[in-house]
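Enquirer: Structure of the sequence below:
(one chain, ligands or ions: 1)
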Amino acid sequence: MTDLIEDTLGVLNGQLRGRVSRPGDDRYSAATAIWAKPVGPMPRMVVHCQAPQDIQLAIAAARSAGLSLSVRGGGHDWTGRALCDGLVLDLSEMRDVVVSADRRSARISGSARASDVVATTDPLGLAAVTGTCSTVGMAGLTLGGGYGPLIGRCGLALDNLLAADVVLADGRIVTAERGREEDLFWALRGGGGNFGVVTTMRIRLHEIPNVVFGTLVYPFSEAKTVLQRLADATRSMPDELTVQVSAVVRPDGTPMILLMPTWCGVQDQGGSHIAPLLELGTLLSNTVGTVRYGTSISVLDAHIVNGQRAFVDTCSLPALDEAGIDVLVEAMARAESAGCKIITHEFRGAATRVPVKATAFGLRRDHVMIEIIASWSDRSDLSEERRHQQWVRDTRRAFDTLALPGGYPSLLGGDDMDRAAEGYGPNIERLVRIKQLYDPDNVFCSAIPLPTGQRAVASK
Ligand SMILES: Cc1cc2nc3c(=O)[nH]c(=O)nc-3n(C[C@H](O)[C@H](O)[C@H](O)COP(=O)(O)OP(=O)(O)OC[C@H]3O[C@@H](n4cnc5c(N)ncnc54)[C@H](O)[C@@H]3O)c2cc1C
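Expert: Take a look at the predicted model:
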């Protein structure tokens with residue numbers, strides 16, 4: 001069997017003329033270096049794709065050799081879905097962004113990061129719906145959901161997906177959009193990378209020349225009051241204003257509360273809407289000002305450390321009310337290290353006005369998605385790993401009685417299939433049917449886990 005794999009990969013290497021790398025090559029190291037340090041077996045080979053035809057060839061080779069397959073976009077999935085022990089389709093060189101003549105949409109390649117998009121759209125006074133960090137891959141973000149600072153006005157990233165060109169498991173290339181491959185188009189919007197490799201997406205753009213954005217720092221000793229006052233203020237906030245809460249720990253061990261408001265409405269109205277957020281407690285620092293949208297989503301980039309070990313869990317609360325605030329504050333008070341964080345993502349406004357069955361994304365009611373993150377050094381001992389993972393688990397369990405069923409599938413680990421299924425709500429059955437139609441052999445098994453009943457193609 002090893003000979004078959006080597007023969008197949010040798011043929012592929014010849015067909016792709018040097019766009020294949022193996023352990024020990026610099027390009028292999030770059031492609032397998034993802035946000036969270038990978039654990040477990042590393043890929044045999046990485047195919048550095050430049051065009052849909054490379055992807056077709058690589059899928060056919062992996063299938064004929066019985067190798068597992070994964071897709072590497074922006075490399076920010078914390079569970080390492082970008083990697084597998086077989087063949088990785090690295091799309092890193094496919095990052096083009098082209099704005100349409102009417103400025104209403106952009107065609108972006110399969111591995112464009114949010115940073116690539118804003119580099120093109122910012123100078124035009126336009127914005128696409130992204131997440132809160134500029135380094136994340138747009139396809140990975142959009143296919144799984146895409147909570148971000150524009151959610152109240154523009155919806156999830158996936159609500160702004162207009163069309164996708166996809167290489168399917170059987171090698172066909174199709175375009176999914178309204179009126180064409182409707183089932184696939186529906187499933188791509190929430191079902192992650194389960195259905196094929198997206199080589200190009202057409203996404204909606206919005207006229208947003210600037211945003212009013214900043215970071216407000218409050219002391220942890222006032223966390224409960226500040227967050228309760230924020231919860232009260234949130235009830236009457238317009239769709240154009242979102243506020244992300246980050247509970248973090250400074251290197252000296254002191255936790256603190258950061259609020260990051262983004263106003264994406266008429267510029268000169270932003271100040272008055274954000275003003276009440278400056279009076280929630282003893283404000284230690286305030287950077288609110290008018291900036292390009294791209295500047296606002298790059299602020300967190302400086303704080304993101306790549307290549308650390310990480311463990312993440314998530315749940316969704318109807319609102320961050322008093323009981324949820326108590327859980328958050330108590331969890332941060334017993335944080336293991338500066339690697340422990342709790343981050344909130346709001347879901348309201350335009351995102352809630354999309355009918356739940358219109359896309360595969362399963363939770364359309366108002367809610368707050370909670371991200372519980374622990375990261376620690378790769379050089380740490382096993383006990384540090386266990387303590388950090390336990391902190392994440394305990395924190396998520398403490399939210400359990402308050403949480404809605406399931407969780408954000410994009411952030412759930414591979415062993416959380418049941419919660420992912422619950423997260424799809426009334427859409428899970430249709431999603432599974434479409435998976436069986438487009439990928440009956442589960443070639444794209446290294447994606448958000450779906451209860452397909454199919455076994456993954458095992459690597460030999
Ligand atoms: C620092 C950080 C910040 C984040 N912020 C947010 C946020 O604000 N909002 C939010 O909703 N989520 C956020 N996430 C989660 C993130 O959206 C998901 O992990 C997403 O899958 C990452 O996409 P990627 O392309 O960067 O990752 P990768 O690890 O490269 O890809 C993950 C998986 O997505 C699929 N995929 C990626 N590209 C393609 C493609 N072209 N075709 C088919 N399948 C593809 C594949 O299954 C792939 O294995 C964040 C994650 C991190 C680490």
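Enquirer: so where's the chain uncertain?
Expert: The model of the chain has pLDDT under 70 over residues 1, 452-460.
Enquirer: can you list the residues of it near the ligand?
Expert: Counting by CB under 6 Å from any ligand atom, the residues of the chain close to the ligand are 34-35, 70-78, 81-82, 91, 110, 131-133, 136-137, 139-141, 143-148, 192-193, 197-198, 304, 410, 446-447. Every residue, glycine included, has its C-beta placed from N, CA and C.
Enquirer: And the residue of the stretch 201-350 of the chain found nearest the ligand, how far from residue 136?
Expert: Closest residue of the stretch 201-350 of the chain to the ligand, CB to the nearest ligand atom: residue 304 (5.0 Å). For residue 304, the distance to residue 136 equals 10 Å [CB to CB, to the nearest Å].
Enquirer: Between those two, point out the one with more neighbours.
Expert: For residue 304 and residue 136, the more surrounded residue by other CB atoms under 10 Å is residue 136, and the numbers stand at 26 against 14.
Enquirer: Correct me if wrong: that one contacts residue 78.
Expert: No: counting by CB atoms under 8 Å, residue 136 stays clear of residue 78, with 11.1 Å between them.
Enquirer: Residue 392 and residue 313 touch, don't they?
Expert: Yes: counting by CB under 8 Å, residue 392 touches residue 313, with 5.0 Å between them.
Enquirer: any shared contact partners between these two?
Expert: Residues within reach of residue 392 and of residue 313 at once, by CB atoms under 8 Å, 6 or more residues apart in numbering, are residue 372.
Enquirer: Give me the neighbour count for residue 218.
Expert: 24.
Enquirer: I'd say it and residue 259 touch.
Expert: Yes: assessed by CB under 8 Å, residue 218 is found in contact with residue 259 at 7.0 Å.
Enquirer: Overlap of the contact sets of those two?
Expert: 226, 280.
Enquirer: Quote the end-to-end distance of stretch 326-343.
Expert: With CA to CA, to the nearest Å as the measure, stretch 326-343 spans 15 Å from end to end.
Enquirer: Please state the offset of that stretch from the chain centre?
Expert: Remark: stretch 326-343 is offset 22 Å from the chain centroid, using CA atoms, centre = their mean, to the nearest Å.
Enquirer: do the same with stretch 95-107
Expert: 22 Å.
Enquirer: Please apply the same query to stretch 156-165.
Expert: With CA atoms, centre = their mean, you get 14 Å for stretch 156-165.
Enquirer: Using PDB, write out every CA atom in it.
Expert: Coordinates of each C-alpha in stretch 156-165 appear next as PDB, following Å, rounded to 0.1, in the frame of the first residue of the first chain:
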ATOM      1  CA  LEU A 156     -23.200  37.100   9.500                       C
ATOM      2  CA  ALA A 157     -20.400  36.700   6.900                       C
ATOM      3  CA  LEU A 158     -22.400  33.900   5.400                       C
ATOM      4  CA  ASP A 159     -25.500  36.100   4.900                       C
ATOM      5  CA  ASN A 160     -23.300  38.100   2.600                       C
ATOM      6  CA  LEU A 161     -22.100  35.100   0.400                       C
ATOM      7  CA  LEU A 162     -23.600  35.600  -3.100                       C
ATOM      8  CA  ALA A 163     -21.900  32.700  -4.900                       C
ATOM      9  CA  ALA A 164     -19.200  30.200  -4.600                       C
ATOM     10  CA  ASP A 165     -17.100  28.200  -7.100                       C
END
